[in-house]
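Novice: Need the 3D shape of this:
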Amino acid sequence: MLPILLIAACLGCKKKEPVGPPVVVITKTDTTFGQQNNEHISVLTQHNDNSRAGLNNQETVLTTSNVNSSQFGKLFSLTVDDEVYAQPLVVSNLTIGSGMHNVLFIATVNNTVYAFDADKGRLYWKKNFTELGMNPPNSNDMASSWCTPYNNITYHIGIIGTPVIDSLAQTIYFVARSKNGSAFFQYLHAVNIVTGAEQPGSPVMITANVPGTGDGNINSVVSFDPLRNNQRQGLALVNGVVYISFASHCDWNPYHGWILGYNSTTLQQQIVYNDTPNGEEGGLWESGMGIAADPQGNLYVVTGNGTVGKPSTYTGGGNGTNETGSSADPTDPAGRSESAMKLTPSGNTLQISSYFTPTNYVDLNVNDLDYGVMGTLLIPNSSYYVTGAKNGNLYLLNKDNMGGYDAVFDHAQQLIPLNASMHCQPAYYKGSTTEFFYVWSENDQLRAFSFDRGSNKFITNPIASTVPGPTGQSGAVLSVSGNGTKDGTGIVWASYAMSGDAESFLTPGVLRAFDANNVTKELWNSAQNSADFVGNYAKFSPPTIANGHVYLATFSNRVIVYGLK
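Specialist: Below you'll find the predicted structure:
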């Protein structure tokens, strides 16, 4: 039987990608097992697509009826050489090995990438991408004068941000880190997903500089620092450009928030953007979620502590709190920490098309209540962008008119206060009658906010689960699966630490499943049966749901595969 490709939308197409989920639908024949694999789904980027909604709405196998302790559980685990911070990705019906297979791609902090059969666990290839003669950096290399020991990352600091895959070009893109004595390097790799071989021109050493008088400048030039700048967000592939963003390790100055864009074919650097060239900090990390983007190529991000506007007096060398006074001009685009931004490519940089900075940005800086900690998402088929801060506020923004800065009043579409710190990854689902936005921060409950298309606001009395949630300073990471809007198919999947503080310590993890239309109804969790035990929780790596399987990264050097028994 001839393979029939039905590619509805995919990252890596040289035309504009839609933000509606999910990314690829493929029908082919699996010649190895003699089975017809209908409508297999690929998950090619962090949280499914560039909206970062975290929704696979073409999951036809798993339902609210069969995800239970008697029918659903651990099928097998895949052993790898180190911890997994990146979300596992899936390419369906890839011609590899002896036929067409669904393939799972896993990247570790030891700079190793694996290609496994996603259904059977067979290893097709693995390769380590540490530079020849070098080693991956480790947490001991990040010992700043005020953050010792550095324990936000257990040890190796190789591939941290989730890669992105171009299915048509059969290429996976990721950032790997290496060190040679006291010299540190970060490289963008473009690797063939069938063979593991580097594509032409790969890898490319990451370098960048912009004119500016900010922290760490030399002769009024601010340069990218491969030691201090942490690549934590998932990579984004938007209209033929691979975007990479950077924050810091433990607010170790000098650092800045960078976004760099590379041509996905030639790997030539096309975009260099620094959000605080005349100040400091402004890291982009969003609890590991990828940069959001729309089909027109605009990027949507939120920045953390640092300089807002044009500083009155720049002192430098702080820890996110030295810019404690009001800036001479808080609206100056040269400094956009503590802000949500719509960024539009313009020449070799990005221009701020719209932005929102909370009225109390000074308080956010002084008290380390960063705006840029929660993962953000674009509500599909709308003009709205959901963001959140450590101060417990959710901000719903009009993505095209975010509200700017006002010293008296926040001009957001909606502000919802929660008693939570927001180190988490939210998600979205559209059911037959109601749309939901889900968020589960540390020391709080899983909450499901209904989105009203009439007012374009959230209903402020959310449905809340009574299940005990994450503690410490790491909230839950969420994904959602369903078969369109069909009742009885929507499931919210939540991964978090069962106990302890996952921000700085290894902690046991748990995976839970809830009815997406009623999160007070828990369907299943991995603690119900000892055979389903997760191991150590992988913070900020959400579950990947594809083709009747749930793939969960861990800090126990393996990825667990769950499904129907």
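Novice: tell me the SS of residue 287?
Specialist: helix (DSSP: H, G, I helix; E, B strand; the rest coil).
Novice: and if you look at residue 531?
Specialist: Going by three-state DSSP: residue 531 is helix.
Novice: do the same with residue 395
Specialist: Under three-state DSSP, residue 395 comes out as strand.
Novice: Look up the pLDDT of it for me, please.
Specialist: Per-residue pLDDT puts residue 395 at 98.
Novice: Quick one: residues contacting it.
Specialist: Applying C-beta atoms under 8 Å, 6 or more residues apart in numbering to residue 395 gives the contacts 340, 356, 358, 386, 387, 388, 389, 410, 412, 414, 415. Glycine gets a C-beta too; all of them are placed from N, C-alpha and C.
Novice: any idea how far the fifth one lies from residue 527?
Specialist: From residue 387 over to residue 527 the distance is 32 Å, taken as C-beta to C-beta, to the nearest Å.
Novice: okay, those two: which has more neighbours?
Specialist: residue 387 (29 against 15; other C-beta atoms under 10 Å).
Novice: List the strands paired with the helix or strand the more buried one falls within, with their directions.
Specialist: Using DSSP states H and E, residue 387 sits within strand 384-388. Strand pairing for strand 384-388, using DSSP bridges, gives strand 377-378 (antiparallel), strand 393-398 (antiparallel).
Novice: The last one: what's the following helix or strand?
Specialist: Spelled out, it's strand 393-398. Counting by DSSP H and E, what follows strand 393-398 is strand 414-417.
Novice: what packs against that next one?
Specialist: The helices and strands touching strand 414-417, judged by 3 or more C-beta pairs under 8 Å, 6 or more residues apart in numbering; DSSP states H and E, are strand 393-398, strand 457-458.
Novice: Tabulate those strands (JSON lines), appending distance to residue 40.
Specialist: Below are these laid out as JSON lines (distance: least, C-beta to C-beta, whole Å):
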{"stretch": "strand 393-398", "distance to residue 40": "34"}
{"stretch": "strand 457-458", "distance to residue 40": "34"}
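Novice: For residue 153, find the nearest of those strands.
Specialist: Closest approach to residue 153 among these (C-beta to C-beta): strand 393-398, 27.7 Å.
Novice: Quick check: residue 483 touching residue 59?
Specialist: Yes - using C-beta atoms under 8 Å, residue 483 makes contact with residue 59 at a distance of 6.0 Å.
Novice: Going by residue numbers, what spans are helices in the chain?
Specialist: 361-366 (DSSP state H).
Novice: Mean pLDDT per helix and strand in it: which one sits at the bottom?
Specialist: In the chain, no helix or strand scores lower on mean pLDDT, DSSP states H and E than strand 24-30, which sits at a mean of 34.
Novice: Next, give phi and psi for the closest residue to residue 516 other than its chain neighbours.
Specialist: Leaving out its chain neighbours, the residue that sits closest to residue 516 by C-beta to C-beta, 6 or more residues apart in numbering is residue 490, at 3.0 Å. Per-residue torsions, residue 490: phi -80, psi 130 (degrees, to the nearest 10).
Novice: which residues does residue 490 contact?
Specialist: The neighbourhood of residue 490, defined by C-beta under 8 Å, 6+ apart, consists of 64, 429, 431, 480, 481, 482, 515, 516, 517.
Novice: Out of the residues you listed, grab the one that's most surrounded.
Specialist: residue 481 (32 neighbours).
Novice: Run through the residues that contact it.
Specialist: The contact partners of residue 481, taken as C-beta under 8 Å, 6+ apart, are 55, 56, 57, 59, 62, 489, 490, 491, 493, 545.
Novice: thought the fourth one was touching residue 545?
Specialist: Pointing back at residue 59 there. Yes - counting by C-beta under 8 Å, residue 59 touches residue 545, with 5.9 Å between them.
Novice: neighbours of residue 146, just the number please.
Specialist: Per other C-beta under 10 Å, the neighbour tally for residue 146 reads 10.
Novice: State the distance from it to residue 164.
Specialist: Taken as C-beta to C-beta, the span from residue 146 to residue 164 is 34 Å.
Novice: quick revisit: restricted to buried residues, select the contacts of residue 395 in ChimeraX.
Specialist: Buried residues among these (16 or more other C-beta atoms under 10 Å), as a ChimeraX selection:
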select :340,356,358,386,387,388,389,410,412,414
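Novice: TSV please, covering the contacts of residue 395 and showing distance to residue 460 and pLDDT.
Specialist: As requested, these are exported to TSV (distance: C-beta to C-beta, whole Å; pLDDT from 0 to 100):
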residue	distance to residue 460	pLDDT
340	20	98
356	20	98
358	19	97
386	14	98
387	17	98
388	15	97
389	17	96
410	16	97
412	14	98
414	8	98
415	10	98
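Novice: Now distance to residue 436 too, for the contacts of residue 395, in a markdown table please.
Specialist: Below are the contacts of residue 395 laid out as a markdown table (distance: C-beta to C-beta, whole Å):
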| residue | distance to residue 436 |
| --- | --- |
| 340 | 22 |
| 356 | 23 |
| 358 | 25 |
| 386 | 12 |
| 387 | 17 |
| 388 | 16 |
| 389 | 21 |
| 410 | 24 |
| 412 | 20 |
| 414 | 15 |
| 415 | 19 |
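Novice: Give me the nearest residue to residue 363, chain neighbours excluded.
Specialist: With C-beta to C-beta, 6+ apart, the residue lying closest to residue 363 is residue 369, at 6.9 Å.
Novice: Correction: the previous question concerned residue 171.
Specialist: Here the residue nearest residue 171, using C-beta to C-beta, 6+ apart, is residue 190, at 5.2 Å.
Novice: Hmm, that neighbour is touching residue 263, no?
Specialist: No - using C-beta under 8 Å as the test, residue 190 is too far from residue 263 to be in contact (10.2 Å).
Novice: which of these two has more neighbours?
Specialist: Neighbours were counted for residue 190 and for residue 263 using other C-beta under 10 Å; residue 190 has more, 23 against 14.
Novice: And the more buried one, how close does it get to residue 524?
Specialist: On the measure of C-beta to C-beta, residue 190 and residue 524 end up 38 Å apart.
Novice: Near residue 139, how many other residues are there?
Specialist: Applying other C-beta under 10 Å, we find 17 residues neighbouring residue 139.
Novice: what's the distance between it and residue 146?
Specialist: As judged by C-beta to C-beta, residue 139 and residue 146 stand 15 Å apart.
Novice: ok, back up a step: with only the CA atoms kept, save the strand holding residue 387 in CSV.
Specialist: Listed next in CSV are the C-alpha coordinates belonging to strand 384-388 (Å, rounded to 0.1, in the frame of the first residue of the first chain):
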residue,chain,number,x,y,z
TYR,A,384,-5.2,36.7,23.9
TYR,A,385,-2.0,35.8,25.7
VAL,A,386,-1.8,34.3,29.2
THR,A,387,1.1,35.2,31.5
GLY,A,388,1.8,35.0,35.2
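Novice: contact partners of that strand?
Specialist: 292, 300, 302, 340, 356, 371, 373-374, 376-379, 394-399, 402, 413, 422, 426, 437, 439, 441, 456.
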